[in-house]
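In: Provided below for reference: sequence and predicted model.
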Amino acid sequence: MNDRETIARRIASATGRPFRIQREQSVVGGCINRAVVLDDGARAYFVKLNSADRLAMFEAESEGLTALREANAIRVPEPVCTGIAGTQSYLAIEHLDLAGRLDGAQAGRRLAQLHRFTAPDFGWHRDNTIGSTPQHNARASDWVDFWRLHRLGFQLDLAARNGYGRVLSDPGERLMSVLDDLIGHRPAPSLLHGDLWGGNIGATREGEPIIFDPAVYYGDRETDLAMTELFGGFGADFYTAYREAWPVPPEYGTRKILYNLYHVLNHLNLFGGGYLAQAKGMMDRLLAAVR
Ligand SMILES: Nc1ncnc2c1ncn2[C@@H]1O[C@H](COP(=O)(O)OP(=O)(O)OP(=O)(O)O)[C@@H](O)[C@H]1O
């Protein structure tokens with residue numbers, strides 16, 4: 001049996017319905033994984049593929065999709081099964097037709113609704129990945145501690161190991177010491193998508209928003225909002241609707257830079273030096289803001 005037949009069998013057993021592949025189509029777009037759509041003429045599944053040692057990444061993504069679905073706030077594709085087929089790990093997900101135009105207002109309202117879903121602590125029950133970088137989610141009752149250790153500190157350590165310490169260690173240490181002032185509030189632990197850039201949101205033909213490819217944990221809802229702004233923004237309707245549903249305090253303007261620094265450092269660590277000047281510039285702006 002080849003890899004695709006193995007995956008088709010597991011899909012059949014997970015869904016309780018026979019599934020015989022009639023058509024396979026490669027998907028272009030994602031930069032972390034390969035993806036194919038497997039179709040039997042009646043049903044289709046979006047299947048992400050990576051090396052076998054990446055199974056835990058797919059298991060965490062599957063649990064993240066399930067956690068987001070349970071909040072019942074915004075549409076999220078249903079994960080079907082994960083496993084190993086031959087030399088590859090895979091995650092099979094309900095295939096969605098993402099050909100629609102995003103209704104920004106609806107997306108903003110639904111994201112606010114997702115963020116109303118809270119937990120007693122920050123973090124999550126398991127670690128996951130941001131891109132392909134490990135993301136630690138050990139539970140914590142204090143948001144600043146959580147951010148210092150598991151988000152900013154983790155990426156700064158990684159950046160130093162990747163050779164960027166000469167530029168980043170000094171501003172990094174100073175930032176870590178003023179984090180209390182920079183964050184300056186005690187948010188609720190909201191359920192987060194965790195990687196909400198424009199490539200991870202789409203819409204059905206009817207315009208219903210769909211979010212996918214999450215890096216779920218419970219944290220400050222402003223981290224999700226900040227990321228929507230990092231690579232271009234989701235449009236004025238989105239932000240107006242979000243703020244109508246749940247107003248955002250003015251101090252978000254500074255916190256946004258801090259929260260996006262995590263993702264820019266992650267890009268630096270994943271993709272290299274092109275992000276170094278951006279990261280350093282953000283750190284300088286933050287340090288100037290607390291003077
Ligand atoms: N369930 C789905 N059904 C149909 N198309 C999907 C589905 N999930 C994702 N896609 C499409 O495939 C693209 C890549 O998917 P996804 O972002 O999950 O992959 P990835 O390899 O993890 O990407 P990234 O580089 O963003 O981490 C998406 O931008 C989207 O257009």
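Out: Sure, I can see it. Numbers count the residues shown, from 1 in each chain.

In: same question for stretch 88-106, mean pLDDT?
Out: Taken as a whole, stretch 88-106 carries a mean pLDDT of 95.

In: is any part of it close to the ligand?
Out: Yes - judged by C-beta under 6 Å from any ligand atom, stretch 88-106 comes into contact with the ligand at 93-96, 98. No exception for glycine: its C-beta is placed from N, CA and C like everyone else's.

In: Can you list the strands that the host helix or strand of residue 129 pairs with?
Out: Per DSSP states H and E, residue 129 falls inside strand 128-130. Its sheet considered, strand 128-130 pairs with strand 133-135 (antiparallel) by DSSP bridges.

In: Alongside the ligand, which residues does this protein contribute?
Out: Residues of the chain lying near the ligand (C-beta under 6 Å from any ligand atom): 27, 29-33, 35, 46, 77, 93-96, 98, 131, 199-200, 212-213.

In: which residues of the stretch 51-200 of the chain fall in helices?
Out: Along the stretch 51-200 of the chain, the stretches classed as helices by DSSP state H, counting those that start in this stretch are 55-71, 104-115, 143-146, 153-159, 165-177, 179-183.

In: Would you mind finding the most buried of these?
Out: By mean neighbour count, with neighbours taken as mean count of other C-beta atoms under 10 Å, helix 104-115 ranks first of those at a mean of 22.

In: re earlier: in ChimeraX, select just the buried ones from the residues of stretch 88-106 next to the ligand.
Out: Buried members of the residues of stretch 88-106 next to the ligand, defined by 16 or more other C-beta atoms under 10 Å, are picked up in ChimeraX with:
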select :93,94,95,96
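
In: Please name the residues that touch the spatially closest residue to residue 126 that is not a sequence neighbour.
Out: Closest residue to residue 126 apart from its sequence neighbours, by C-beta to C-beta, 6 or more residues apart in numbering: residue 60 at 6.0 Å. The neighbours of residue 60, taking C-beta atoms under 8 Å, 6 or more residues apart in numbering as the test, are 126-129.

In: Please verify my assumption that residue 79 contacts residue 68.
Out: No - the pair residue 79 and residue 68 does not pass the contact test of C-beta atoms under 8 Å, sitting 10.3 Å apart.

In: what's the helix or strand for the nearest residue to residue 164 once chain neighbours are set aside?
Out: Leaving aside its sequence neighbours, residue 164 sits nearest to residue 276 (C-beta to C-beta, 6+ apart; 6.1 Å). Using DSSP H and E, residue 276 sits in helix 276-289.

In: Could you do residue 267 as well?
Out: Going by DSSP H and E, residue 267 is part of helix 252-271.

In: now the angle between helix 165-177 and that helix, please.
Out: Angle, helix 252-271 to helix 165-177, by axes from the mean of the first three to the mean of the last three C-alpha atoms, to 10 degrees: 150 degrees.

In: Buried ones in helix 252-271, by neighbour count?
Out: Neighbour-count burial for helix 252-271 flags 252, 254-270 (criterion: 16+ other C-beta under 10 Å).

In: now stretch 191-198
Out: Across stretch 191-198, burial judged by 16+ other C-beta under 10 Å covers 191-197.

In: other SSEs contacting the helix holding residue 267?
Out: Packing partners of helix 252-271 (3 or more C-beta pairs under 8 Å, 6 or more residues apart in numbering; DSSP states H and E): strand 133-135, helix 153-159, helix 179-183, helix 221-230, helix 276-289.

In: what about residue 253, distance to residue 261?
Out: Using C-beta to C-beta, to the nearest Å, residue 253 is found at 14 Å from residue 261.

In: Equivalent analysis for residue 232, please.
Out: As judged by C-beta to C-beta, residue 232 and residue 261 stand 18 Å apart.

In: Could you do residue 173 as well?
Out: Using C-beta to C-beta, residue 173 is found at 14 Å from residue 261.

In: in what helix or strand does whichever residue of the stretch 101-250 of the chain sits closest to the ligand lie?
Out: Using C-beta to the nearest ligand atom, residue 213 is the residue of the stretch 101-250 of the chain that sits closest to the ligand, at 3.5 Å. Using DSSP H and E, residue 213 sits in no helix or strand.

In: which residues touch it?
Out: Shown in contact with residue 213 (C-beta under 8 Å, 6+ apart): 30, 61, 195, 199-200.

In: Present the residues you listed as TSV; the columns should include distance to residue 206 and pLDDT.
Out: Listed next are the contacts of residue 213 as TSV, based on distance: C-beta to C-beta, whole Å; pLDDT from 0 to 100:
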residue	distance to residue 206	pLDDT
30	25	69
61	26	98
195	25	98
199	21	93
200	20	96
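
In: Closest to residue 149 out of these?
Out: residue 195 (19.6 Å; C-beta to C-beta).

In: Much appreciated, bye for now.
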